[in-house]
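# Provide a 3D model corresponding to the input given below.
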Amino acid sequence: MKTPTDRAVSLTLLAVLALPLPLAAQESSVQARTGELTRAATVDLTQSVARSAAQSAPLNTTLAVAAASRPKGARLLHAKNAATLSSAQFSRLLQAGPSSTEAGAPPILMDVEHSTSILHNFDGVSSLDSAVTNFGAEFEPPDQGLCVGNGFVIEPVNSAFTIYRRNGSVLAGPFNVNVLFDEGLTQFTSDPRCYFDAATNTWFATILFISADNTEAHTDIAINTSGDPTTPWTVYRLEQTDDGTNGTPVHRGCPCFGDQPLLGIDNENLYISTNEFSILGPKVNGAQIYALSKRDLIQGAASVHFVQFENLRIAGSQAFSVQPAITQPTVDGADAEYFLQSIDPSGISDNRLGVWALTRQGSVSDGGIPTLTNVVITSEVFGVPPNAVQKGSASLLNTGDDRMQQTQFIGGELWGALNTTFSVAGDPTPLSANAWFKVHPQLDGRRIAGATITNQGYVASAGNFLLYPAIQVSPAGDAAMVFTFSGANFFPSAAYALLPEGSGSFGRIVVAAAGSGPYDPNATRWGDYSFAIADPSGDGIWMATEYIPPAARQTVDRLTNWGTRVFEVSTGEE
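The predicted model follows:
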């Protein structure tokens, strides 16, 4: 990618921001196809205990090398480079675009000892668990999954998962994460996510798979309808090679894989959105959206109806990282499933969001094709964040890019957050902060007619760096955001902030678990995402993110020494 001068970047962006952006809805320029999944396996975790326990034997070097041969984590559309905006450039863009009540007054830091909102707080799956269950192989980043219900907390990461009780006691695990999806223990998988659907008492989990010979890729979907995640799961495979094999379409540059499968849900369907990359080549085919019949999945049908939307475009560019919303079933979203996307084709900065609506969702179960449309709206400015400084090391934490992170639709509003570059008045140092958005979409029949930003802002801290936010809103309308927090005086820590219902901005940053030291200076990745989910049994919100845990929870060699922190907060004000 070309690297323009700072002056050219600034002038170009200011010119772009001066242009009015149409709010007319667009029929997605896509192709859509219907298909059916077949059951692949049934997984009984009780029979997998011995299988996973055997992995704690001395390291088998051959297996470890095979398992670690492919890097995990999301692929970036643009290489991260020195084109990141300077503090002065971002300040000018802030003045040119919509203002934020938080931009000039970053929240005050507060430590957990003085927090009254934390209800549960414990160490989750760590690099030690990942190594023990993967023949000693060490992976990064963790790619944070989290789901909660019926008194259980499940946390899947790269490349292990554990089932906890709400107080943090271990009920089952840690297991190699591939056990849940009936994949070989040394096969490549990445980007796990999960969700408990209280309305149907069903657990869902997904993960990316790429074969060792680079000829096949799919997303695994595991379902447990008993309400108890320790009982057997049913596994389906969503083929995504897209080279004409196994019933897939023929896309350019394939065999391909669906990177970072994103997870959404509503009354009718499970939604998976991916970014399609060539397995071996440089081709990028952009976002692919899949709608899978929830009815068929829950019934354990031999064949599950699905629809794939291909060749997605928006604002004249290829769509990328289109986040499906977690929509509270039976309460919201009867008319549409919504998706939220940050639009930044330059890979530097922008001020546009894409809002997508999928209507006629019930047609998927009948073998039909829903209607997918989108609209582009103007937002506050966001841009690719600089890598994060950490205490105790000259090495930086990789903050990724400015793609939209976890999205939720609740109370008629679409919520999302992302990593962004940010500047604090009087400080020339570009920081990494969190931009957040509350969007009200409007339908006209089966199409999206427009969308309005009803609130937005930044969560930032002077001199410090915030990484990989996840936002979630309770049924009462209170919001919580989780993220990693680091800086020259802070080891990578687990933190959060609250937005009480009716408030215009998030409150002070709270460190839920302070990091114990710096991240391995030879490691290169962090994230790629955190996760937050409303507790189905009340107004609490569960959150999980990456941090540096105590030494006892790190790999024995102290390399790739990440951990995760899981905690629940009450969303009332501190």
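# quick one, what contacts residue 472?
Residues near residue 472 by CB atoms under 8 Å, 6 or more residues apart in numbering: 406, 408, 415, 479-481, 532-534, 541, 543. From N, CA and C alone the C-beta is placed, and that goes for glycine too.
# now for these, which pair is the farthest apart?
415 and 543 (14.3 Å; CB to CB).
# Settle it for me: which of these two has more neighbours?
Neighbours per residue, other CB atoms under 10 Å: of residue 415 and residue 543, the larger number sits with residue 543, 28 against 24.
# Restrict whichever strand or helix holds the more buried one to CA atoms and write it as PDB.
Element membership for residue 543 (DSSP states H and E) is strand 541-547. Taking C-alpha atoms only, strand 541-547 is exported to PDB below (Å, rounded to 0.1, in the frame of the first residue of the first chain):
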ATOM      1  CA  ILE A 541     -23.100  -7.900  32.200                       C
ATOM      2  CA  TRP A 542     -20.300 -10.500  31.800                       C
ATOM      3  CA  MET A 543     -17.100  -9.400  30.200                       C
ATOM      4  CA  ALA A 544     -13.800 -11.000  29.200                       C
ATOM      5  CA  THR A 545     -10.600  -9.600  27.800                       C
ATOM      6  CA  GLU A 546      -6.800 -10.300  27.500                       C
ATOM      7  CA  TYR A 547      -4.300  -9.200  30.100                       C
END
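# Adjacent strands (with direction) for it?
Partners of strand 541-547 in the sheet, by DSSP bridges, are strand 531-534 (antiparallel), strand 563-569 (antiparallel).
# Same list (those) but as a markdown table, adding distance to residue 153 and mean neighbour count.
As requested, these are arranged in a markdown table below (distance: least, CB to CB, whole Å; neighbours: other CB atoms under 10 Å):
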| stretch | distance to residue 153 | mean neighbour count |
| --- | --- | --- |
| strand 531-534 | 10 | 26 |
| strand 563-569 | 6 | 26 |
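# what's the closest of those strands to residue 125?
Nearest of these to residue 125, taken as CB to CB: strand 563-569 at 5.6 Å.
# so what's residue 194 up against?
Residue 194 neighbours (CB under 8 Å, 6+ apart): 145-147, 154, 156, 203-206, 263.
# what number of residues lie near the residue nearest to residue 244 when sequence neighbours are not counted?
The shortest distance from residue 244 to any non-neighbouring residue, by CB to CB, 6 or more residues apart in numbering, is to residue 250 (4.5 Å). Other residues near residue 250 come to 9 when the count uses other CB under 10 Å.
# So for residue 250, what's the pLDDT?
At residue 250, the model reports a pLDDT of 97.
# Likewise for residue 47?
For residue 47, the pLDDT comes out at 78.
# Residue 164 now?
On the pLDDT scale, residue 164 gets 98.
# The closest residue to it other than its chain neighbours: which element?
With CB to CB, 6+ apart as the criterion, residue 164 has its nearest non-adjacent residue at 4.3 Å, and that residue is residue 153. Residue 153 belongs to strand 152-157 when elements are defined using DSSP H and E.
# ok so, going back, let's see the PyMOL selection covering just the buried ones among the contacts of residue 194.
In PyMOL syntax, the buried subset of the contacts of residue 194 is picked out as below (16 or more other CB atoms under 10 Å):
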select buried, resi 145+146+147+154+156+203+204+205+206+263
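# Return the member of the contacts of residue 194 nearest to residue 470.
Closest approach to residue 470 among these (CB to CB): residue 146, at 8.8 Å.
# Can you give me the pLDDT of the closest one?
98.
# Would you check that it makes contact with residue 544?
Yes: between residue 146 and residue 544 there is a contact under CB atoms under 8 Å: 4.3 Å.
# Common neighbours of those two, please.
Joint contacts of residue 146 and residue 544 (CB under 8 Å, 6+ apart) are 155, 531-532, 566.
# on that earlier part again, from the chain's centroid, how far away is the strand holding residue 543?
Relative to its chain's centre, strand 541-547 lies at 12 Å (CA atoms, centre = their mean, to the nearest Å).
# Numbering from 31 from now on, please.
Got it, first residue is 31 now, which makes that one strand 571-577.
# Which parts of the stretch 231-380 of the chain are helices?
Here the stretch 231-380 of the chain has its helices, by DSSP state H, counting those that start in this stretch, at 324-329.
# which other residues reach the strand holding residue 183?
Here strand 182-187 has contacts from 154-155, 160, 172-178, 191-196, 198, 201, 207, 210, 222-224, 226, 233, 235, 237, 258-259, 572, 574, 594, 596, using CB under 8 Å, 6+ apart.
# Narrow those to those in helices?
Judged by DSSP state H, the subset of the contacts of strand 182-187 located in helices is residue 160.
# From the contacts of strand 182-187, keep the buried residues only.
Here, 16+ other CB under 10 Å leaves 154-155, 160, 172-178, 191-194, 196, 207, 210, 222-224, 226, 233, 235, 237, 259, 572, 574, 594, 596 buried among those.
# Output the below-cut-off pLDDT ranges for the stretch 181-330 of the chain.
Across the stretch 181-330 of the chain, nothing is flagged by pLDDT under 70.
# Could you check the angle the strand holding residue 573 makes with strand 182-187?
Here strand 571-577 runs at an angle of 30 degrees relative to strand 182-187 (axes from the mean of the first three to the mean of the last three CA atoms, to 10 degrees).
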